[in-house]
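>>> Quick one, fold the following:
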Amino acid sequence: TSRDLLQSRGTDENGDTIWRDTPLTRAARNGTFVTLDGIDKIRADTMSSLAMFLEHGYAVLPDGRSFYVNDSFRCIALAHPPSEKSWVTPEIKSMFYWVNATPLPRDEMYEVLNGLFPSIDKGILGQILSLQDHLNNVVVDSDADKEAMQLSLRKLKHICRRVEQRPDALASIVHSCLMTPFLPEWEQTIVKKCLTNCGISTSDEDFSGKYSLNEDPLLESCKRTPSNPLLVPNVEFFPNPMQENVMRQILSSHSVGERALLITGYQGVGKNKIVDYLLSQMNCEREYTQLHRDTTIQSLMLTPAVIDGKIVYNDSPLIRAAKNGRILVLDEADKAPIEVVALLKGLIEDGQLSLPDGRVLCYDESDIHDTSNHIKIHPDFRIWALTNPAVFPFQGNDLSRHMSDVFACHIVPPMDEESHRRILQSYGKRLNPDVIDKIVNVWEDLRNAHQSGSISYIFSVRESVSIVKHLNAFPDEGIQAAIENVLAFDRLDTSLSKHLNKIFGKRGIKLLATEKMKGKRRATGGISTPKTRASNPKHGKEDPDNTPHVGGNTWAGGTGGSDTAGLGGRGGPYRLDKGHPIHQISDEMKAQVSEEAKRQARDMANEALEKKLEELNMGQLDWERYNGVRAKVEENIKDMKRYLKDLKKRKEERQWLRRQTSGELDENRLVEVLAGEKDVFKRRGDPADHDAFLSDPINIKLVVDISASMYRFGYDGRLERLLEATLMMMECFRGDKRFNLHIVGHNGSSPKIPLVNPNMELDEATQLRVLEGMVAHTQYTWAGDHTIEAIESAVDESEKDTLVIVISDANLNRYDIRLEDLKPLQSPKVHAHLIFIASLGDEASLLAKKVPNERAHCCFNTSELPLIIKKIVTSALK
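Next up is the predicted model:
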């Protein structure tokens, strides 16, 4: 708040409340310099409150006093450049003299890095700077990925620091620094091509299955003598190539003096195990804290308590680690609010951190004006942050975007087959090796399915170890029972369950049928005995309160009853789910329904279906055709809708509202509690400016090929897959006000045939008419191709940042389509992708490889078209 910029509340030795000046106020009084780092992170009205202070040199403090600032006082503010929704208001604009800090030219950057790292090979330094130039010029869909793929000066320092020690591992170090494995597949390809173009080998030279941590000379040089051995982790670890290789890289960074490491990997890959074992081998004392969404800046630094009317601040693990030279492990760092973790930037980069109790953490006392109340940071103090990648379904805060240049980054990849086998053998000493091999092979199939986008969750070694432990303890239960125990929750997802059945079945492991799993789940409502006979089928009354009804024959949506529309009962005309636990009657009771009652129920069901189809302006055959197309992309629709729903939840997540008169006691305002103030509570809610920061709708334009060749060569399924992909897009985005969906067609007659626009009310009937219209165009259009004109039109007529996806099955040689014709795909105005489907020969593949920035894709198996589109959309929306 504006008050916090000038003064903070505290208590003195007698327990009386006092005001403490902040560094800004002290600098203004004493006539020294002050740096305000990150003013773009605070609210504009908070920053504007300093206008009188900075422009007129007059300060009014929260304690009621006022003063004129010293003439020698100077303020330097640092911030990121403003985006389209600028934090630079007219008030803020007039407060400063603005200086644009441009990146260093290549020759000056070379001199800086050569001076900092004189022993680095000059050829390698040249390759690194060439890579920086190449990455600066790439074009990607997501602004987050664009920023993550650029090499800032901090990232260059991290790379050079490690390359001095291990010049053979340059490619691996770059991939870790850029966190390449967590980028979309085509953006990973962009990075690899940039490395190749700079003469940097992309082979994984940083991995060796023969490496042994205990034989590494670096380990001996990094060992410490602990003052408190109880703080040294003691963990069971089974040696394996992959995890030891990650330890090797972490040890390398630690040995060259990196103050902070960001260790990222999917859930369950062993991040904590790796860190704890490495610390145990180094004899390092560890301070541990697990962050979460309610972690505050205050709780990360100090823990306040009221004792005898006085505020007493207890040191947090962070302060204890800084004082005693321990390694602070921040687990689940991606779960905490960004501003909490961003606080560490000043500590890591600048070597200073101001605490709420007035003390200052610092490495060098000469950097502090008042040295009477400082805490000297031990030179051995380090921070190791553990995070999940900011990808679906984890979706934590994207630290790699906000903080990756502050930390030295390391990747913990999914387990390779040999490492996985060794770990499972260590846990399953009583198991047949064939069983271990079967589990390893299944998990490799699951990893490949995740990589291809078929499943969204990556099954890790945590789940496979759980299965092996169970089998080792209870060998008679069999592998199927052990796997079902681990997958029980995942089996509730019908779409995922089908994939799992297919993957496990390929390895000879038969899982329970999805329907059986559903039945087991629905049986939790219990057994029902209907209270009445089944004789008069009807819809039933609608309960406005949606109260659960069991065993009756009055209310619509009940369970285990008679005659009414519901679930689990008998004699009702059709199914109706109101979301309640399902009570099931026995088959014997169902058999008691008379044939006449069954006939009446069937008639009512048919009548209800006809009414529904009439509302949709569809006939029975229309409905069957529509469902036939939709069924083939049902799983992709569910996956993408789940992703879009998760994005919405993250966008609309409520925040802590401070200075409330009711709610939870705010630990940051304990002094105000003692002073008798009332606004000392906090509660979850939408911020006052919530509506002002809602994003404008995202424009998505799908340009589909409805040319004659789609009909002529339809025997390979290309037209059918195109219809499925188009329906998938309409189903996922209809009614979602966050998106504007445009669908246009192109063929030999025209490069722009409107099919769908954001103003259309999409329902099943409308969507079917769109699909039928596409088929009609392919059947009756003139032969020819307007792919290039369609791309140009889509790019030129789209608004800024529109996602454009163009689909074509053009015969490239016949219509003389060349690389230079595809230049519009590189337009910075939009995010454009071209998908070639079922092209003759390999001409499309050769052309697509030449298109810069992976803007062209080939789909030779038309069944993969919906999946490719889904991956492009979800990647762009990140």
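>>> Near Pro537, how many residues? Count them for me, please.
26 (other CB atoms under 10 Å). Yep, even glycine has a C-beta here, placed from its N, CA and C like the rest.
>>> C-terminal to the strand or helix carrying Ser280, what's the next element?
Using DSSP states H and E, Ser280 maps to helix 271-282. From helix 271-282 onward toward the C-terminus, using DSSP H and E, the following helix or strand is strand 286-290.
>>> Just the CA trace of the helix or strand that that following strand is followed by, in CSV.
Counting by DSSP H and E, the next helix or strand C-terminal to strand 286-290 is helix 297-301. In CSV, the C-alpha atoms belonging to helix 297-301 read as follows (Å, rounded to 0.1, in the frame of the first residue of the first chain):
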residue,chain,number,x,y,z
ILE,A,297,5.8,-12.2,2.0
GLN,A,298,5.7,-11.9,5.8
SER,A,299,5.4,-15.6,6.5
LEU,A,300,8.3,-16.3,4.1
MET,A,301,10.6,-14.0,6.1
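>>> Give me the sheet partners of the helix or strand following helix 297-301 and which way each runs.
Of the helices and strands lying after helix 297-301 in sequence (DSSP H and E), the nearest is strand 302-307. Here strand 302-307 is paired, per DSSP bridges, with strand 310-315 (antiparallel).
>>> Contacts for the next helix or strand along the chain from the strand it pairs with, please.
Going down the chain from strand 310-315, the next helix or strand is helix 317-324, by DSSP H and E. Identification of contacts with helix 317-324 by CB atoms under 8 Å, 6 or more residues apart in numbering yields 227, 285, 287-289, 300-302, 315, 326-328, 347, 355, 361, 375, 377-378, 381, 383.
>>> that older thread, rounded mean pLDDT for the helix holding Ser280, please.
Average pLDDT, helix 271-282: 95.
>>> Strands of the stretch 701-850 of the chain, start to end?
739-746, 753-756, 803-808, 831-837 (DSSP state E, counting those that start in this stretch).
>>> Which of those strands sits closest to Thr25?
strand 831-837 (46.4 Å; CB to CB).
>>> Tell me which other helices or strands the closest one touches.
For strand 831-837, the elements it packs on are helix 718-733, helix 787-797, strand 803-808, helix 843-850, strand 856-859, helix 865-876, judged by 3 or more CB pairs under 8 Å, 6 or more residues apart in numbering; DSSP states H and E.
>>> quick one, that strand and helix 843-850 angle?
Calculated by axes from the mean of the first three to the mean of the last three CA atoms, to 10 degrees, strand 831-837 forms an angle of 160 degrees with helix 843-850.
>>> what angle sits between strand 831-837 and helix 865-876?
Interaxial angle, strand 831-837 versus helix 865-876 (the same axes, to 10 degrees): 170 degrees.
>>> Identify the residues contacting Ile18.
With CB under 8 Å, 6+ apart, Ile18 has these contacts: Arg9, Gly10, Thr11, Asp12.
>>> how about 7 Å then?
Gly10, Thr11, Asp12 (CB atoms under 7 Å, 6 or more residues apart in numbering).
>>> Check Lys41 too.
So Lys41 contacts Glu339 (CB under 7 Å, 6+ apart).
>>> again, but for Lys578
Asn546, Gly557.
>>> Kindly state the pLDDT recorded for it?
On the pLDDT scale, Lys578 is placed at 77.
>>> Repeat that for Lys649.
Confidence score, pLDDT, at Lys649: 59.
>>> Just the closest of the contacts of Ile18 to Glu797, please.
For those, the nearest to Glu797 is Gly10 (60.3 Å; CB to CB).
>>> hey, what's the closest one bridged with?
Gly10 forms beta bridges with Ile18, as assigned by DSSP bridges.
>>> you'd agree it is up against Asp16?
No. Contact criterion CB atoms under 7 Å: Gly10 and Asp16 do not qualify, at 9.8 Å.
>>> out of these two, which sits in the busier spot?
Legend: neighbour count by other CB under 10 Å for Gly10 and Asp16, higher for Gly10 (19 against 12).
>>> From Gly628, how far off is that one?
Gly10 sits 71 Å away from Gly628, taking CB to CB, to the nearest Å as the criterion.
>>> now Ser280
59 Å.
>>> Compare these two (neighbour count), which wins?
Ser280 (15 against 10).
>>> quick one, helices of the stretch 501-650 of the chain?
For the stretch 501-650 of the chain, the helices defined by DSSP state H, counting those that start in this stretch cover 514-522, 587-590, 595-615, 620-632, 634-651.
>>> so after the last one, what's the next helix or strand?
If you walk from helix 634-651 toward the C-terminus, the next helix or strand you reach (DSSP H and E) is strand 655-660.
>>> Send me that following strand as PDB with only the CA atoms.
Output of strand 655-660 as PDB, limited to C-alpha atoms (Å, rounded to 0.1, in the frame of the first residue of the first chain):
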ATOM      1  CA  GLN A 655      -7.200 -13.000  -4.000                       C
ATOM      2  CA  TRP A 656      -6.700 -12.000  -0.500                       C
ATOM      3  CA  LEU A 657      -8.400  -8.700   0.200                       C
ATOM      4  CA  ARG A 658      -6.600  -6.900   3.000                       C
ATOM      5  CA  ARG A 659      -7.800  -4.200   5.500                       C
ATOM      6  CA  GLN A 660     -11.200  -5.900   6.000                       C
END
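>>> got the buried residues for it?
Buried residues in strand 655-660, counted by 16 or more other CB atoms under 10 Å: Trp656, Leu657, Arg658, Gln660.
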